[in-house]
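J.: Give me coordinates for this.
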Amino acid sequence: MKNQKIGKNTYGDMVVSLGLANVIDWDLLRDCFQCGYNFSMGFEGSEPFRQIQNATAAPWGSKQQNDNASGFSSDFRFASGTETPPRAEEVEPPETPLSRGKLHGNYDTLLGESPVHLEVLKYIDMFAKSSEAVLISGETGTGKELVAYALHAQSARAANAWVVVNCAGMTENLMDSELFGHEKGAFTGADRRRIGLFEKASGGTLFLDEIAELPMLLQPKLLRALQENKIRRVGGTTEIPVAVRVLAATNADLVEAVKTGKFRRDLYERLKPLHIQLPALRERREDIPALTAHFLRKKNNRSVQKVADINPEILSLFDAYSWPGNIRELEGIISRAVLLAGGTDILPQHLPEDLRSPQAHPSPSADVTAAYSTDSNAPECPVLPFPMGATLKEIEKSVILATLAREDGNKSKTAAVLGISRGTLRTKLRAYNK
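T.: Numbering: from 1, shown residues only. Down below sits the predicted model:
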């Protein structure tokens, strides 16, 4: 295109492929050069090279040329000497959603497809390759030991020792001997040498559960073991090399523990670079149906009386509950319900009272029934019972499930309260369970 002007901020570096001299648009090239662009050019034949020099009088930055049987070939770069204009903002391609298919490891024991859970699996996938210590944080019952074992199982140490120690509930002296061992005569009753867990786990993985409960006087010894890969038995003078990968877990806030002087800052700084924060079950509610089905199968395999199914109203109650005990609490509730059901379907009356009353443990979908109460004396709901940004479909689902729970799973009463047919209600419940 002859005489087309180029704006200064339109492009960054330009790549030009030139062939015969008579097809070069000299005006366009000159305009680009005057705007300060950098060029990378490739062409055949020596004539374009001479014509560009004449047309632009450009100071060449670099030039490479090869003489061969086919003729003269050059790649060169030149600049006008002015500052290169900024590149146009690049549009990044949309991120592809994370899926299990993109992970290298096998995490069948860690059920769930929610984004926050898949993010945890991604970190396990990355950290398993390292030999550095990993800190795993999360509320009670979120599966910290399962995550720790997955890190071990996917590592190069998988065939070696997996040693677990709970740092809570042990005295300082007992924990010292348990972790690092002791020599004969180190203290009263030490009638023989004892090999500690660090030595037993050498070549493998040592999992320190409830790391926040480790006595303060033992924390420097643990820090030294992490830094030097050496330990010293109680009562001993020899430093013993160990090749141990340490995984630590806690449900405590270690940052707060450091502030209050209950946990050493240097040990925390050593542990925190590789950190996995596990989400609470209430933060991954979409995984509850899969976890429920898994625990039901597990309990059925161990029980004489088999439970055929869990009705949709049970899942609606689960969705409205806050799960303070997380996955461990869910497993316990399923185990209890299977026993009470006695070979029939699990019904709301087989659940604990606090779970049948979701208002006692509000969640984004809870407290909906107050706004739809048929009691004329019931106080008017003073606030919007849905989180800002909730879609109409999400609100409809919350209303239907909460009303179903309030009516103890009675679909006819639920449909009557909502003003829809029983067939419509069944269709929607089936869609929620897919």
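
J.: Report the beta-bridge partners for the nearest residue to residue 239 once chain neighbours are set aside.
T.: Distances taken as CB to CB, 6 or more residues apart in numbering place residue 230 nearest to residue 239, at 4.5 Å, with adjacent residues excluded. Bear in mind the C-beta positions are built from the backbone N, C-alpha and C, glycine included. Counting by DSSP bridges, residue 230 is bridged to residue 241.

J.: contacting residues around residue 230?
T.: Residues in contact with residue 230 (CB atoms under 8 Å, 6 or more residues apart in numbering) are 224, 239, 240, 241, 242.

J.: try residue 213
T.: Residue 213 makes contacts with 167, 168, 169, as judged by CB under 8 Å, 6+ apart.

J.: Output those in TSV; the columns should cover secondary structure.
T.: TSV is the format used below for the contacts of residue 213 (DSSP: H, G, I helix; E, B strand; the rest coil):
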residue	secondary structure
167	coil
168	coil
169	coil
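
J.: List buried residues within those residues.
T.: residue 167 (16 or more other CB atoms under 10 Å).

J.: Reformat the contacts of residue 213 as a markdown table; add distance to residue 146.
T.: Formatted as a markdown table, these follow (distance: CB to CB, whole Å):
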| residue | distance to residue 146 |
| --- | --- |
| 167 | 18 |
| 168 | 19 |
| 169 | 21 |
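
J.: still on that earlier bit, please, a ChimeraX command that selects the buried ones among the contacts of residue 230?
T.: With 16+ other CB under 10 Å as the criterion, this ChimeraX line picks the buried residues out of these:
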select :240,242
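
J.: of the contacts of residue 230, closest to residue 205?
T.: Closest approach to residue 205 among these (CB to CB): residue 242, at 12.0 Å.

J.: Not counting sequence-adjacent ones, nearest residue to that closest one?
T.: Closest to residue 242 by CB to CB, 6+ apart is residue 202, at 4.6 Å.

J.: Just confirm the one you found contacts residue 243, I think it does.
T.: Yes: contact criterion CB atoms under 8 Å: residue 202 and residue 243 qualify, at 5.4 Å.

J.: Between the two, which is the more surrounded one?
T.: Neighbours of residue 202 and residue 243, each counted by other CB atoms under 10 Å, are more numerous for residue 202; the result is 19 against 12.

J.: For that one, give me its contacts.
T.: 161, 242, 243, 244.

J.: One more: residue 169?
T.: Neighbours of residue 169 in contact, by CB under 8 Å, 6+ apart: residue 213.

J.: Quick check: the gap between it and residue 178.
T.: In this view, residue 169 and residue 178 are 11 Å apart by CB to CB, to the nearest Å.

J.: which among the contacts of residue 230 gets closest to residue 215?
T.: Distances from residue 215 to the contacts of residue 230, taken by CB to CB, are shortest for residue 224, at 15.1 Å.

J.: Next up, phi/psi of the residue nearest to residue 242, please.
T.: Torsion angles at residue 202 (phi, psi; degrees, to the nearest 10) stand at phi -60, psi 130.

J.: What does the pLDDT read for it?
T.: For residue 202, the model assigns a pLDDT of 94.

J.: Ok, the one 5 residues further on next?
T.: Residue 207 is assigned 98 on the pLDDT scale.

J.: My guess is it contacts residue 164. True?
T.: Yes: with contact defined as CB under 8 Å, residue 207 counts as touching residue 164 (4.7 Å).

J.: Which one's more surrounded, these two?
T.: A count of neighbours by other CB under 10 Å puts residue 207 above the other of residue 207 and residue 164, at 25 against 15.

J.: residue contacts, that one?
T.: If you count contacts by CB under 8 Å, 6+ apart, then residue 207 has 145, 148, 149, 152, 162, 163, 164, 165, 247, 248, 249 around it.

J.: Need the pLDDT of residue 63.
T.: The model's pLDDT for residue 63 equals 41.

J.: can you check the one 3 residues further on too?
T.: Here, the pLDDT recorded for residue 66 equals 42.

J.: Excluding chain neighbours, give the residue nearest to residue 263 in space.
T.: Residue 263 sits nearest to residue 257 (CB to CB, 6+ apart), 3.8 Å away.

J.: Just the terminal-to-terminal distance for stretch 129-145.
T.: Separation of the first and last residues of stretch 129-145 by CA to CA, to the nearest Å is 18 Å.

J.: can you map out the helices along the stretch 201-350 of the chain?
T.: 219-228, 254-259, 265-271, 288-302, 312-320, 326-341 (DSSP state H, counting those that start in this stretch).

J.: pLDDT on the longest one, on average?
T.: If I follow you right, that is helix 326-341. The model assigns helix 326-341 a mean pLDDT of 93.

J.: how big is the angle separating it from helix 288-302?
T.: Relative orientation of helix 326-341 versus helix 288-302 (axes from the mean of the first three to the mean of the last three CA atoms, to 10 degrees): 50 degrees.

J.: Need the nearest residue in space to residue 97, chain neighbours excluded.
T.: residue 115 (7.6 Å).

J.: same deal with residue 343?
T.: residue 305 (4.1 Å).

J.: Verify the contact between that neighbour and residue 338 for me.
T.: Yes: in this structure residue 305 lies within contact range of residue 338 using CB under 8 Å: 7.5 Å.

J.: List the contacts of residue 335.
T.: By CB under 8 Å, 6+ apart, the neighbours of residue 335 are 295, 299.
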